[in-house]
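Trainee: predicted model and sequence below, questions to follow.
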Amino acid sequence: MVNDREAIPRKTEAEILFNNDHTCCICREKGKDVQIHHIDENKNNNDIKNLAVLCLNCHSVVTGKRGLGRKYSYLEVKKYKVDWEYTIKKNRGRTYQHAKTTTKLEKKLFKFEIAKKIYELGALRDQDAVKIDEILEFLNLLYLFEEHYTDTIFDNLANITIVSGLGDNLKAVKIAESIPKYFYHLAGPDKVKINKKDTKRLKNAIDLLGNVGEFAAEFNKKYRPVEETIDSLSSLFDLCIWYNQKSIAMKIIKEMSKIKKNCLITFEKNEKKLYIGVRKVNKTLEKFQKDIEKEKRKWPKVIFEINKSKR
Ligand SMILES: [Zn+2]
């Protein structure tokens, strides 16, 4: 390993290898030696969302180091990663099969359980990090077995976001981080078609993230939830590009503009710390523009909106 880069923290390394079953996310052949690849090619970005497990062979194809090998775009690699991690998670969760509900009564009970858990979540403080993780993990597991629970989950999360404003820093961060995990089944248009329910859920997710980010910027004046919100919106933007969802992409940009506006309001009140939020939005918008061009989407209105929002 070269010295001029930050080593991947051990905890992250263990987590990414576990999430991928120590197996390459592209060829998925067991027992091969694997490496950890930085999806955006920035070797210092050790965010787990930026890491993919690849075997030596696939790695050299991805990075284009093999003469005849076709180079993969970073969106393609991300797609393989998300799809593979989703498959493993779903297989591991087989023991939770009882979450698959059949009767109306069972469904009602699950909805009640979701509301109860999220109500509990609303009352938790930042020092209850373990409990916060447990609840968010439980909710995501329900989604893995039955996607339709996502609606109940998002509705209830929206309630606690509005009522309590998620005053706590860490809770807001963790909630924002969990939202893209409800779209793991969208593993690319060649595999899974997007339906009306998905697009409706995407819109709800964007509203939810928008609320978290705007509140954090204007009232809570904390950068971490703002940053996490923008990262999650950015993951949803990737989905928009894969699935050619122009109007949802537009909604994301508008939501990011609102977050930026709130960061600016706080900044102008002489709370200098949130200028970093303005920069984060602009940087992300620039990335969106590059991705649209890279994936050859013809979205002139979206590009126009991006340029408007960058100003
Ligand atoms: Zn491989």
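Mentor: Done, it's in.
Trainee: tell me the domain ranges of the chain?
Mentor: According to automatic domain parsing, the chain comprises the domains 10-92, 100-310.
Trainee: pick the most buried one from these.
Mentor: Comparing the domains of the chain by mean neighbour count (mean count of other C-beta atoms under 10 Å), domain 100-310 ranks first with a mean of 18. For the C-beta atoms, the positions are set from N, CA and C on the backbone; glycine is no exception.
Trainee: quick check: residues of the stretch 51-200 of the chain near the ion?
Mentor: Taking C-beta under 5 Å from the ion as the contact definition, the stretch 51-200 of the chain meets the ion at C55, C58.
Trainee: where does the prediction get shaky in the stretch 201-311 of the chain?
Mentor: The model of the stretch 201-311 of the chain has pLDDT under 70 over residues 271-272.
Trainee: closest residue of it to the ion?
Mentor: W242 (21.4 Å; C-beta to the ion).
Trainee: now A52: phi and psi?
Mentor: phi -130, psi 150 (degrees, to the nearest 10).
Trainee: okay but it is in contact with I39, surely?
Mentor: Yes. Contact criterion C-beta atoms under 8 Å: A52 and I39 qualify, at 5.5 Å.
Trainee: any common contacting residues for those two?
Mentor: Residues touching both A52 and I39 by C-beta atoms under 8 Å, 6 or more residues apart in numbering: V77, K78, K81.
Trainee: CA atoms of the lengthiest helix in the chain as CSV?
Mentor: Scanning the chain for the longest helix, with DSSP state H as the assignment, gives helix 246-268. The C-alpha trace of helix 246-268 is given here as CSV (Å, rounded to 0.1, in the frame of the first residue of the first chain):
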residue,chain,number,x,y,z
LYS,A,246,-35.9,13.7,-14.5
SER,A,247,-38.7,15.2,-12.4
ILE,A,248,-37.5,13.5,-9.2
ALA,A,249,-34.0,14.7,-10.0
MET,A,250,-35.4,18.2,-10.2
LYS,A,251,-37.1,17.8,-6.8
ILE,A,252,-33.8,16.8,-5.3
ILE,A,253,-32.1,19.9,-6.6
LYS,A,254,-34.9,22.1,-5.3
GLU,A,255,-34.6,20.5,-1.9
MET,A,256,-30.9,21.1,-1.9
SER,A,257,-31.4,24.7,-2.8
LYS,A,258,-33.6,25.1,0.3
ILE,A,259,-31.0,23.5,2.5
LYS,A,260,-28.4,25.8,1.0
LYS,A,261,-30.7,28.8,1.6
ASN,A,262,-31.1,27.9,5.3
CYS,A,263,-27.3,27.4,5.7
LEU,A,264,-26.9,30.9,4.3
ILE,A,265,-29.5,32.4,6.7
THR,A,266,-27.6,30.9,9.6
PHE,A,267,-24.3,32.0,8.1
GLU,A,268,-25.5,35.6,7.7
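Trainee: and it, how far out from the chain middle?
Mentor: Its chain's average C-alpha position is 17 Å from that of helix 246-268, according to C-alpha atoms, centre = their mean, to the nearest Å.
Trainee: contacts for it?
Mentor: Applying C-beta under 8 Å, 6+ apart, the set of residues contacting helix 246-268 is 199, 202-203, 206-207, 209-210, 213-214, 217-218, 221, 226, 229-230, 233, 236-237, 240-241, 274-275, 277-278, 281-282, 284-285, 288, 297, 299, 301-302, 305-306, 308-309.
Trainee: let's see that with 7 Å instead.
Mentor: For helix 246-268, contacts defined as C-beta atoms under 7 Å, 6 or more residues apart in numbering pick out 199, 202-203, 206, 209-210, 213-214, 217-218, 221, 226, 229-230, 233, 236-237, 240, 274-275, 277-278, 281, 284-285, 299, 302, 305-306, 309.
Trainee: in the stretch 101-250 of the chain, which spans are helices?
Mentor: For the stretch 101-250 of the chain, the helices defined by DSSP state H, counting those that start in this stretch occupy 104-123, 129-145, 149-164, 169-178, 196-215, 223-242, 246-268.
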